[in-house]
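Trainee: Sharing a sequence plus its predicted fold:
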Amino acid sequence: MASYSAAVLSRCWADRSFANLCLLLFLVVSQSFPSLVAGDDVTHEDGSLHSSPVCNNKFRLVKVMNWVNGVESPIVVGLSARFGAVLPSDVAEALRFPAVLANPINCCTNSSSQLLDSIALARRGDCTFTAKAEVAESGGAVGLLVINDNEDLYKMVCSENDTSLNITIPTVMIPNSAGNKFADYLNSGKHVEIRLYSPNRPVVDYSAIFLWLMAVLTIICASVWGNSLRARGLMSEPSDTGSVNKDDSEKEVFEINAKGAVVFIIVASAFLMLLYFFMSAWFIWLLVVLFCIGGMEGMHVCFVTIMSRWTKDLTSSRAGEVLVLSVVILPLCAAFAIFWAANQRASFAWIGQDILGICLMITVLQMARIPNIKVASALLCCAFVYDIFWVFLSPLIFKESVMIAVARGDNSGGESIPMLLKIPRFFDPWGGYDMIGFGDILFPGLLVAFSFRYDRSNKKGLLNGYFLWLALGYAFGLFLTYLALFLMDGHGQPALLYLVPCTLGLIVVLSAVRGELKDMWLYEKKPPGSLPPGRREGPPPFTLLGLGPSVHTLTPLMLLPPRSFGYYRGRSNLKARRRCAGCGPKVFGEGRTSAVTACTASSMCCRFIFSQRLLGILPDAVIFIALIDL
């Protein structure tokens, strides 16, 4: 019974209707998030804030080392002010001083506490930041920690009247929770010591280089997946006769059209607004569940395909209608996804997230296709405008960048959005992560994958084709994104602002120069009423018993690729065989160039699945007609 249940589960997963629905939803969700997030950072500069010759320090993150009764406690991160002394960047140069609560606690008037040679601790409010610093310095303090009224790090600036300041002590803003702990320790009579320093970030972010490689290689791998296997002899070649179906390696795919591209961006915008207004911890967990389902599907597809090709003996063992290999791998993929979801906050969780994400994106880029440059232009231009609007223009309407606000996840309960690749900043003293949203890989990736198919179809070489140049264009565009992120002091960048011109712009210009733009603009567009290759005019000899319409009428709804990841197989030297997935007996059919296999059962199961197929509810449900190339 256990093996039967596993086989049923695997067969349901093979149908992949629910999984593909999650993949489509994931594609929408992935574009609803920020294009590129630099990591756990702050915006160092803001031109809108008042600046003067005596108030022109750069905002810098500050490490607040602290000891309670001689025992070192976790480091607190603060933010330096526009004014005052600049903190040392080396911990060896930073001095250790005792902390003292100002009295009054707002530090707006002279303190009755002894502040000499100590770091004063004061709460925000009741007077300006510069006034607090002047009072603390007049009392002999060597530094000032300002406790914010929330967990944010507010930028402390000067007022327009502060033109003659002479503050020589460093002033640092710290979060409310950390400040309250310090105050509680001091009120209870404990001895608190503090050391302040602000280490510099490395000029070259090596983690960003690894992330750049991951994104580029993901697109290249997804584009050449099937053809690379065939080149190594791991995949059967297409038949020399008029091929009725697609190559053995190809999954069922769906093509995006121009109208769908526009609607897609509208839906993504609506979803982004939904996240902006209703972001919560349970919403993030819903996204995590969808991500796990999609990631599990991606891992399952990738591993079954690779292992079934490398070790063909594994394809001979079956449990009912599916491969034993598929039955074994599916629960392992599910266990991997569940383990990641349960350990999202662990230091190693980024590894599992990247594995799930890469497998998922490879699968999506193989399933979703753009048929020509016309659709690519509609999709990428809409995504281009979408990115720029929600990052740069939305503050004019919502007073803040909607996309950046969603990325921060202010109301997410500490949970993070999973639809991105990320790598820890191993060589950065501040830690954090370098991240890139899935949308910045998937949308340009659709165009890169199209260029590879076009080159193969037209027998183009590496240099006179388009795939190589688009892959290089994507890599260069992503490099420009990171360069802009560095030059603009960590301001979040809409990556498609750089990626679209470097991919779509490149292929349009290159094809125009070569005189192939017209062909690529409407490439693969079939004239109305045309039949797929290998289809005959007139009624076929078979009908679906109990369902009425002829096979000829139903075939366009139910065409399958010749192999669906090991769940059924057709070989040129074998008679075509199919089983109607639990609904009826095996039926054999042969033809000179193709074999038609039909399910002859008229059971309720077959009726139900067929009706769902007609309604489009189960796009990958069990299909009753398979054209298998012989």
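Mentor: Yes, it's here. Numbering: from 1, shown residues only.
Trainee: from here on, contacts and neighbour counts on C-alpha atoms
Mentor: Noted.
Trainee: got the buried residues for the helix ranked longest in the chain?
Mentor: Of all segments of type helix in the chain, defined using DSSP state H, the longest is helix 281-310. Within helix 281-310, the residues scored as buried using 16 or more other Cα atoms under 10 Å are 281, 283-285, 287-305, 308-309.
Trainee: Please identify the helix or strand for the nearest residue to Cys302 once chain neighbours are set aside.
Mentor: Nearest residue to Cys302, sequence neighbours excluded (Cα to Cα, 6 or more residues apart in numbering): Cys359, at 6.7 Å. Per DSSP states H and E, Cys359 falls inside helix 349-367.
Trainee: got the angle between that helix and helix 281-310?
Mentor: Taking axes from the mean of the first three to the mean of the last three Cα atoms, to 10 degrees, one finds helix 349-367 and helix 281-310 inclined to each other by 70 degrees.
Trainee: for the longest helix of the chain, what is the average pLDDT?
Mentor: Averaged across helix 281-310, the pLDDT comes to 85.
Trainee: name the helices or strands packed onto that helix?
Mentor: With contacts taken as 3 or more Cα pairs under 8 Å, 6 or more residues apart in numbering; DSSP states H and E, helix 281-310 sits against helix 17-31, helix 324-342, helix 349-367.
Trainee: I'd like the average pLDDT over the second one.
Mentor: Mean pLDDT, helix 324-342: 89.
Trainee: Pull out the buried residues from that helix.
Mentor: 324-327, 329-331, 333-334, 336-337, 340-341.
Trainee: Ok, the last one next?
Mentor: Along helix 349-367, the positions that meet the burial threshold by neighbour count (16+ other Cα under 10 Å) are 350, 352-367.
Trainee: So which residues make contact with it?
Mentor: The set of residues external to helix 349-367 that reach it, using Cα atoms under 8 Å, 6 or more residues apart in numbering, is 23, 218-219, 221-223, 251-254, 292, 294-299, 301-302, 336-337, 340, 343-344, 418-424, 438, 442, 445-446, 449.
Trainee: and that helix with helix 324-342, angle?
Mentor: Helix 349-367 and helix 324-342 are oriented at 130 degrees to each other (the same axes, to 10 degrees).
Trainee: Show the subsequent helix or strand relative to helix 349-367.
Mentor: Taking DSSP H and E, what comes next after helix 349-367 is strand 368-369.
Trainee: Parallel or antiparallel, list what pairs with that following strand.
Mentor: Here strand 368-369 is paired, per DSSP bridges, with strand 254-255 (parallel).
Trainee: any idea which helix or strand comes after the strand it pairs with?
Mentor: Downstream of strand 254-255, the first helix or strand assigned by DSSP H and E is helix 258-278.
Trainee: tell me the mean pLDDT over that next one?
Mentor: 83.
Trainee: Just give the nearest non-adjacent residue to His191, would you?
Mentor: In this structure, His191 finds its nearest non-sequential neighbour in Asn69, 5.0 Å apart by Cα to Cα, 6+ apart.
Trainee: Surely that neighbour is in contact with Ser188?
Mentor: No - the criterion here is Cα atoms under 8 Å, and Asn69 misses it with Ser188 at 11.6 Å.
Trainee: Low-confidence ranges, this structure, go.
Mentor: Counting by pLDDT under 70, the chain contains low-confidence residues at 1-53, 162-164, 226-253, 311-322, 408-415, 489-492, 524-630.
Trainee: Could you list the domains of it?
Mentor: The chain breaks down by automatic domain parsing into domains covering 2-42+204-521, 61-197, 551-629.
Trainee: residues touching Asn69, list them.
Mentor: Here Asn69 is in contact with 190-192 (Cα under 8 Å, 6+ apart).
Trainee: Show me which parts of the lengthiest strand in the chain are buried, residue by residue.
Mentor: Longest strand in the chain by number of residues (criterion: DSSP state E): strand 71-80. By 16+ other Cα under 10 Å, the buried positions in strand 71-80 come out as 77-80.
Trainee: So what are the sheet partners of that strand and their directions?
Mentor: Sheet pairing for strand 71-80, assigned by DSSP bridges, gives strand 61-68 (antiparallel), strand 171-174 (antiparallel).
Trainee: Now that strand - C-alpha only, CSV.
Mentor: What follows is strand 71-80, C-alpha atoms only, in CSV (Å, rounded to 0.1, in the frame of the first residue of the first chain):
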residue,chain,number,x,y,z
VAL,A,71,31.3,40.2,30.3
GLU,A,72,31.1,41.0,26.6
SER,A,73,27.6,41.1,25.1
PRO,A,74,26.5,40.9,21.5
ILE,A,75,27.5,43.9,19.3
VAL,A,76,24.9,46.5,18.7
VAL,A,77,24.8,48.3,15.3
GLY,A,78,24.2,52.1,15.3
LEU,A,79,24.3,55.0,12.8
SER,A,80,26.6,58.0,13.1
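Trainee: Beyond it, next helix or strand please.
Mentor: Strand 71-80 is succeeded, C-terminally, by strand 96-101 (DSSP H and E).
Trainee: How about residues contacting that following strand?
Mentor: Outside strand 96-101, the residues that touch it by Cα under 8 Å, 6+ apart are 113-115, 117-122, 183, 186, 191-196.
Trainee: Helix, strand, or coil at Asp434?
Mentor: What DSSP: H, G, I helix; E, B strand; the rest coil gives for Asp434 is strand.
Trainee: do the one 10 residues further on as well
Mentor: The local conformation at Pro444, judged by three-state DSSP, is helix.
Trainee: That one contacts Leu499, correct?
Mentor: Yes - proximity of Pro444 to Leu499 meets the contact threshold set by Cα under 8 Å, at 7.1 Å.
Trainee: Please enumerate the shared neighbours of those two.
Mentor: Joint contacts of Pro444 and Leu499 (Cα under 8 Å, 6+ apart) are Tyr474.
Trainee: So which of the helices and strands packed on helix 281-310 is nearest Leu165?
Mentor: With Cα to Cα as the measure, helix 349-367 is the member of the helices and strands packed on helix 281-310 nearest Leu165 (46.3 Å).
Trainee: Tell me the one of the buried residues of strand 71-80 nearest Ser377?
Mentor: Minimum distance to Ser377 across the buried residues of strand 71-80 is 43.4 Å, recorded for Leu79 (Cα to Cα).
Trainee: and the nearest residue to the closest one once chain neighbours are set aside, what is it in contact with?
Mentor: Nearest in space to Leu79, with sequence neighbours left out and distances taken as Cα to Cα, 6+ apart, is Leu61 at 4.6 Å. By Cα under 8 Å, 6+ apart, Leu61 lies in contact with 42, 77-80, 198.
Trainee: Need phi/psi at the closest residue to Leu115 other than its chain neighbours.
Mentor: Leaving aside its chain neighbours, Leu115 sits nearest to Ala141 (5.0 Å; criterion: Cα to Cα, 6+ apart). Backbone torsions of Ala141, given as degrees, to the nearest 10, read phi -70, psi 150.
Trainee: residues contacting Ala141?
Mentor: 115-120, 169.
Trainee: With Gly143 instead?
Mentor: Applying Cα under 8 Å, 6+ apart, we find Gly143 in contact with 118-120, 136-137, 169-171.
Trainee: who touches Pro74 in this structure?
Mentor: Listed by Cα under 8 Å, 6+ apart, the contact partners of Pro74 are 65-66.
Trainee: what's the distance between it and Val64?
Mentor: Using Cα to Cα, to the nearest Å, Pro74 is found at 9 Å from Val64.
Trainee: Is it correct that Leu421 falls within a helix?
Mentor: No - using three-state DSSP, the secondary structure at Leu421 is strand, not a helix.
Trainee: How about the contacts made by it?
Mentor: Leu421 neighbours (Cα under 8 Å, 6+ apart): 211, 350, 353-354, 357, 435-438.
Trainee: what do you get if the cut-off is 7 Å, keeping everything else the same?
Mentor: For Leu421, the contact set (Cα atoms under 7 Å, 6 or more residues apart in numbering) comprises 354, 357, 435-437.
Trainee: Give the bridge partners for it, please.
Mentor: Counting by DSSP bridges, the residues bridging with Leu421 are Ile436.
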